[in-house]
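Enquirer: sequence first, then the predicted structure, then my questions.
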Amino acid sequence: VPSGTPGDPRAVQLAFLREIRRVIRADGCLFLAIENCYAWKTWFQHADGHTGLRFVTWLPRRLADMYSRLRTGRPYRNYLYGKSDYSKLLGEAGFSETSFDVPLPGYHHPTSMAPLAHPKTIQRAVSPPGTEGLRRWKGKLKGKLTARFPDCFAIRATSDSQSQTFVERLCRHVEPSLRESAGTRFGVENYRINGEMGIVTIVLCNESQTGIQRAVLKLPLHDRARDNLVRESETFSVIHDGMHPLSSMQGLLPRVLSSGSFERENFVIYSYLYGETGDHRPFSRTKLASKAVEFLADMHQASSDSMKSTTTTAIELVAMAGNRVRSLASSTAQEQFVRRIVESLQDEWSTNPLPLVIGHGDFKLANCVFDSTSKTLSGVLDWGAGFSPELALYDLAFLLVGMEAENAELTSVLSAWMQGHPIEKTSLEQLDWFSRRVGVVVTPDRVKQLAGYQWLKRIAPLAGGYECRRYDFRYLDSMFDVAAGFSDSAKS
């Protein structure tokens, strides 16, 4: 604000905030996403994003102004602050109550938010899981620095200590059903934003005399996410009523505690699955993968009979994904890549089809919950893209490709699979075990087919009206380069 307005920078900022306080309702809320002047990355990694000057946010204002005039010929007017000074500035503007969260990885495209008052939650979100040696040490150091000196803040400011956020009002609204199910009142513990699925996931928590109890609130960001969330919650209810092919596995799936519409927003509250998600590596990577693959095999066997009566075919699944991906092609060559993949898969599966099962749609270790003591799988999360007919090996291939992509570029992993040769030996071992367990033959040609189909499925969501505004076109071009490799393989 001060960069384009004359006057003392702090006075300009204060006048702007006072005007916001004047025009919003008495119980209104200001949500402010702003940089932290003490961000640890400005020590030696990055210059100030507003001025391009290194270390300027750490300097006293007079020195910062001299430094800016010397280096750029302009005065320093982009004032940033730390937590206490932001609270003081907002207080002077009439916002007496402030709370601070840390958006991760940043406030432009956050995937999660953790309260600044919960440093361990921030450290856990920042530190890369499953690493060893120097990389593990660096990850822990980065987590501790981010918890103490975050890049930015998400600040909620009000002038009424009694004012409530939407989530707080929602929790009060559903309190009777939550108490009946879990026996306690909930508050917000942390947030996670899944941009690809269009879902905000909020962990609700309460510390009572009986211990810490949690629940999970999901809010859709757009119509497709709302439809997926409704289907997911309705299917969970059917499963727990014992009326679904996966009812035998209900102990591994969340239970719906409450759902409906509140203040014109759809919501679902699920029971919390306790344990550690696989991306945080509660034990060895190989054992995690084995437990996850065992679950997929059980799900295959539990649902394969019910899929025999479905009218959906593998040909239709390929065609639907292909049509969406074709709309993303930016050249004739890219359109031809899509056509060749679709025709190759349809030709193969018209004579040698894979069986259909109930799919998860986004099966990865981050969606698997494990008991770190017993080293068993204790639950599977985020079924918004699932509970529909899917190829028998798709979820398995998605899991293995994702695990290989932890140590290599996704495009490189898909390219290797499109040649019929997964990068890691453990992937071949898991494919072999699964094929013997469920009776589906896996050959190098089938690995190629799975890679081609997975390529279509990974790109297809980008054709949606919401997703097309948030993806990187360079990613799309790199994925089409992968498709060229599949086309060459199919020709040979």
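Expert: Arrived safely, thanks for sending. Being a predicted model, the structure only gives us computed values, none of them experimental.
Enquirer: so which helix or strand takes in His244?
Expert: Following DSSP states H and E, one finds His244 outside all helices and strands.
Enquirer: ok, Glu406 next?
Expert: Remark: Glu406 resides in no helix or strand, with elements defined by DSSP H and E.
Enquirer: residues near it, how many?
Expert: Here the count is done by other C-beta atoms under 10 Å, and Glu406 has 15 residues near it. C-beta here means a position set from N, CA and C on the backbone, and glycine is covered the same way.
Enquirer: next: the one 10 residues further on.
Expert: For Ala416, the tally of surrounding residues (other C-beta under 10 Å) stands at 20.
Enquirer: now swap in Arg25 and tell me
Expert: A total of 9 residues lie near Arg25 under the criterion other C-beta under 10 Å.
Enquirer: over to it. Which of the three states is it?
Expert: coil (DSSP: H, G, I helix; E, B strand; the rest coil).
Enquirer: just Gln213 next, same as before
Expert: strand.
Enquirer: any idea how far Asp305 is from Gln449?
Expert: With distances taken as C-beta to C-beta, to the nearest Å, Gln449 is found 24 Å from Asp305.
Enquirer: compare neighbour counts for those two and give me the winner.
Expert: When Gln449 and Asp305 are compared for neighbours, Gln449 comes out ahead with 28 against 10, by other C-beta under 10 Å.
Enquirer: who does whichever helix or strand that one is part of touch, helix- and strand-wise?
Expert: Element membership of Gln449, judged by DSSP H and E, is helix 444-459. The contact analysis (3 or more C-beta pairs under 8 Å, 6 or more residues apart in numbering; DSSP states H and E) places helix 444-459 against helix 314-326, helix 332-351, helix 394-404, helix 410-418, helix 473-491.
Enquirer: quick check: phi and psi on the closest residue in space to Asp279 that isn't next to it in sequence?
Expert: Spatial nearest neighbour of Asp279, chain neighbours left out: Ala366 (4.0 Å); criterion: C-beta to C-beta, 6 or more residues apart in numbering. When read as degrees, to the nearest 10, the backbone of Ala366 gives phi -60, psi -20.
Enquirer: can you get me a residue count around Ala366?
Expert: Look at Ala366: counted by other C-beta under 10 Å, it has 15 neighbours.
Enquirer: what is the burial count for Ser290?
Expert: Burial of Ser290 is recorded as 16 neighbouring residues (other C-beta under 10 Å).
Enquirer: going forward, count from 73.
Expert: From this message on, residue numbering opens at 73, which makes the last subject Ser362.
Enquirer: contacting residues for it?
Expert: Listed by C-beta atoms under 8 Å, 6 or more residues apart in numbering, the contact partners of Ser362 are Gln502.
Enquirer: got the CA coordinates for the helix holding Gln521 in PDB?
Expert: What follows is helix 516-531, C-alpha atoms only, in PDB (Å, rounded to 0.1, in the frame of the first residue of the first chain):
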ATOM      1  CA  PRO A 516       5.900 -55.900 -19.500                       C
ATOM      2  CA  ASP A 517       3.300 -55.100 -22.100                       C
ATOM      3  CA  ARG A 518       0.700 -54.800 -19.300                       C
ATOM      4  CA  VAL A 519       3.000 -52.500 -17.500                       C
ATOM      5  CA  LYS A 520       3.200 -50.300 -20.600                       C
ATOM      6  CA  GLN A 521      -0.600 -50.300 -20.800                       C
ATOM      7  CA  LEU A 522      -1.000 -49.300 -17.200                       C
ATOM      8  CA  ALA A 523       1.500 -46.400 -17.700                       C
ATOM      9  CA  GLY A 524      -0.400 -45.200 -20.700                       C
ATOM     10  CA  TYR A 525      -3.700 -45.300 -18.900                       C
ATOM     11  CA  GLN A 526      -2.200 -43.700 -15.800                       C
ATOM     12  CA  TRP A 527      -0.800 -40.900 -18.000                       C
ATOM     13  CA  LEU A 528      -4.400 -40.200 -19.200                       C
ATOM     14  CA  LYS A 529      -5.900 -40.300 -15.700                       C
ATOM     15  CA  ARG A 530      -3.200 -38.000 -14.200                       C
ATOM     16  CA  ILE A 531      -3.800 -35.300 -16.800                       C
END
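Enquirer: picking up where we left off before, quick one: the residue nearest to Asp351 and Glu348, what's the gap?
Expert: When C-beta to C-beta is the yardstick, Ala438 and Glu348 sit 11 Å from each other.
Enquirer: so Ala226, which state does it fall into?
Expert: With three-state DSSP as the basis, the three-state label of Ala226 is strand.
Enquirer: list phi and psi for Leu428.
Expert: For Leu428, the backbone dihedrals are phi -100, psi 150 (criterion: degrees, to the nearest 10).
Enquirer: one more: Asn108?
Expert: phi -100, psi 120.
Enquirer: that one and Cys224 touch, don't they?
Expert: Yes: counting by C-beta atoms under 8 Å, a contact exists between Asn108 and Cys224, whose distance comes to 5.7 Å.
Enquirer: so in terms of bridging, what pairs with Leu289?
Expert: Applying DSSP bridges to Leu289 gives these bridge partners: Ile274, Ile341.
Enquirer: residues touching it, list them.
Expert: Going by C-beta under 8 Å, 6+ apart, Leu289 touches Val239, Leu242, Thr273, Ile274, Val275, Leu276, Phe339, Val340, Ile341.
Enquirer: which one (most neighbours) among those?
Expert: Note: the member of those with the most neighbours is Ile341, at 27 neighbours, neighbours being other C-beta under 10 Å.
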